[in-house]
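**Student:** could you work out the structure for the sequence below:
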Amino acid sequence: MKDTEKFAGEKYVIKANFTVDGVVEKHDVIGAIFGQTEGLFPKEFELRELQKSGKIGRIDIKLKSAKDKTSGVIEAPSSLDRAETALIAAAIETVDRVGPCDADIKIESITDVRSEKRAAIVARAKELMRNWVVKDGHEIEQLLGEVQRVDKKIKAVKYGRERLTASADISKSKEIIVVEGRADVNNLIRSGIEGVIAMEGVKVPNTIKNLAKRKTMTAFLDGDRGGDLILKELMQVAPPAYVARAPRGKEVEELTPEEIKTALNSRHPPGEKPSEDAPKPAREPRARTRREPRAPRKPREPSPPKEPSPLLPVVEDLKGTLEAVLLNGEGEQTGRMPVHELVEKLKDSEGIQTVVFDGIVTGRLIDAAREKNVDTIVGERVAEGVRVPRGIKVRSFRDLK
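**Tutor:** A predicted model of the protein is given here:
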């Protein structure tokens, strides 16, 4: 039992240790304390009177006897002030006999019960506050969780030594999906797909290699030449269990939720074709009709040979690198970066007239180029369905040959 509970209502507790050269009982010790302190002070300050008025509480004795000696502890609660309590403690210490036996009493401490009570109050207040905050926080988390489940907008995190972009549950997921870049991860998260991590480069990071050993891995790659190169790299150092591809000419970051689910549902082991790629039945041959012989055409005059484009050396240098270069109005190279950083770098650049890169020209890149007044974009291929606005020339590598 704590002093704050045992001596409720008191201010101080006098604690003393005693030894007696003989075997005595509790009432012998209490009688010696009251008897030998009687007459030392005015009557109203004697222990009996102080107990009657409630200024001194019940004196508690704990003792044990062994080998013809008795030792123990005296505890006396007090409602007096500090000076009066100290005076009573000193008076108790003057007791030198208990019954016929010699005794020795030493004050061990005078404890302020109120300080212990204050400490207990503070500790309890902290506990109440902690429970209060935890409860409110839990309620807020529940509300946020409901909103997140409806909105499906869970933020990506950084994972592994290479700080790769990944969904928050990547370490807990038994199956993971490896994509090419950060934008791919964000698009899959927005579509409600979990366990996603980005390579963020052509070279396979060690984090991806380690995950491939412990988890079932699906490689979800763009439908372009860059995706083909990354798949070859993965097959050499971290073979995936399954492969899923975006439609040819599209990137994972551009896909709608329906297209993402369709691609993932069509995933297949490496080296096997997806079920939807099964050969289609051959068409019935059309009956050939006999045609009248045409008149011989007049030979065309040979057209003058085309001059090679000044961008052709840049294209040859970029093939197979998955990199991009930015050229100013004088045709000077002002920047070179990986393809997945192209759009962000372009937004931060000024005076760019031409963009040449080893990748697919997308609507997102065209929008960024239009904002920066770029004149020409040259890519390995142009995505299907991309609308080219007036004022921008879009070419593929083949167009320059």
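**Student:** now Thr218, what's its secondary structure?
**Tutor:** Under DSSP: H, G, I helix; E, B strand; the rest coil, Thr218 falls in the strand class.
**Student:** can you pull out the helices in the stretch 1-150 of the chain?
**Tutor:** Remark: helices assigned in the stretch 1-150 of the chain by DSSP state H, counting those that start in this stretch are 3-6, 26-37, 47-52, 82-92, 113-151.
**Student:** with mean neighbour count, mean pLDDT and distance to Leu346 added, can I get these in CSV?
**Tutor:** Placement of C-beta: from N, CA and C, glycine included. Putting those into CSV (neighbours: other C-beta atoms under 10 Å; pLDDT from 0 to 100; distance: least, C-beta to C-beta, whole Å) gives the following:
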stretch, mean neighbour count, mean pLDDT, distance to Leu346
helix 3-6, 14, 53, 70
helix 26-37, 17, 90, 92
helix 47-52, 16, 87, 90
helix 82-92, 17, 90, 78
helix 113-151, 11, 74, 30
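**Student:** out of these, nearest to Ser71?
**Tutor:** Nearest of the helices of the stretch 1-150 of the chain to Ser71, taken as C-beta to C-beta: helix 26-37 at 10.8 Å.
**Student:** what packs against that closest one?
**Tutor:** helix 47-52, strand 60-66, strand 69-78, helix 82-92, strand 97-98 (3 or more C-beta pairs under 8 Å, 6 or more residues apart in numbering; DSSP states H and E).
**Student:** can you do 7 Å?
**Tutor:** helix 47-52, strand 60-66, helix 82-92, strand 97-98 (3 or more C-beta pairs under 7 Å, 6 or more residues apart in numbering; DSSP states H and E).
**Student:** show me what the third one is packed against.
**Tutor:** Which is helix 82-92. By 3+ C-beta pairs under 7 Å, 6+ apart, helix 82-92 packs against strand 12-20, helix 26-37, strand 69-78, strand 101-112.
**Student:** from the contact counts, what lies against the last one?
**Tutor:** Identification of packing neighbours for strand 101-112 by 3+ C-beta pairs under 7 Å, 6+ apart yields strand 12-20, helix 82-92.
**Student:** repeat that for the first one.
**Tutor:** With contacts taken as 3+ C-beta pairs under 7 Å, 6+ apart, strand 12-20 sits against strand 69-78, helix 82-92, strand 101-112.
**Student:** how far away is Lys203 from Leu234?
**Tutor:** Lys203 sits 11 Å away from Leu234, taking C-beta to C-beta, to the nearest Å as the criterion.
**Student:** no no, Asp60
**Tutor:** Applying C-beta to C-beta to Asp60 and Leu234 gives a distance of 78 Å.
**Student:** more crowded one of those two?
**Tutor:** More crowded of Asp60 and Leu234, by other C-beta atoms under 10 Å: Leu234, with 22 against 16.
**Student:** can you tell me the SS state at that one?
**Tutor:** helix.
**Student:** how far away is it from Thr218?
**Tutor:** From Leu234 over to Thr218 (counting by C-beta to C-beta), the distance is 11 Å.
**Student:** okay, how far is it across stretch 374-390, tip to tip?
**Tutor:** Stretch 374-390 has an end-to-end distance of 11 Å (C-alpha to C-alpha, to the nearest Å).
**Student:** any shared contact partners between Leu234 and Thr218?
**Tutor:** Common neighbours of Leu234 and Thr218, counting by C-beta atoms under 7 Å, 6 or more residues apart in numbering, are Pro240.
**Student:** save the helices and strands packed on helix 26-37 as JSON lines, and put in distance to Lys15 too.
**Tutor:** Shown next, in JSON lines, are the helices and strands packed on helix 26-37 (distance: least, C-beta to C-beta, whole Å):
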{"stretch": "helix 47-52", "distance to Lys15": "16"}
{"stretch": "strand 60-66", "distance to Lys15": "10"}
{"stretch": "helix 82-92", "distance to Lys15": "9"}
{"stretch": "strand 97-98", "distance to Lys15": "18"}
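**Student:** closest one to Ala156 among these?
**Tutor:** helix 82-92 (63.4 Å).
**Student:** show me what the closest one is in contact with.
**Tutor:** 12, 14, 16, 33, 37, 40, 56, 74, 76, 78, 80, 105, 107, 110.
**Student:** which stretches of the stretch 101-250 of the chain have low pLDDT?
**Tutor:** 134-138, 141, 144-154 (pLDDT under 70).
**Student:** could you rerun that using 50?
**Tutor:** 152 (pLDDT under 50).
**Student:** as a markdown table, the helices of the stretch 1-150 of the chain with distance to Glu259 would be great.
**Tutor:** What follows is the helices of the stretch 1-150 of the chain, written out as a markdown table (distance: least, C-beta to C-beta, whole Å):
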| stretch | distance to Glu259 |
| --- | --- |
| helix 3-6 | 68 |
| helix 26-37 | 89 |
| helix 47-52 | 89 |
| helix 82-92 | 82 |
| helix 113-151 | 20 |
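**Student:** select, out of these, the one closest to Gly335.
**Tutor:** helix 113-151 (36.6 Å).
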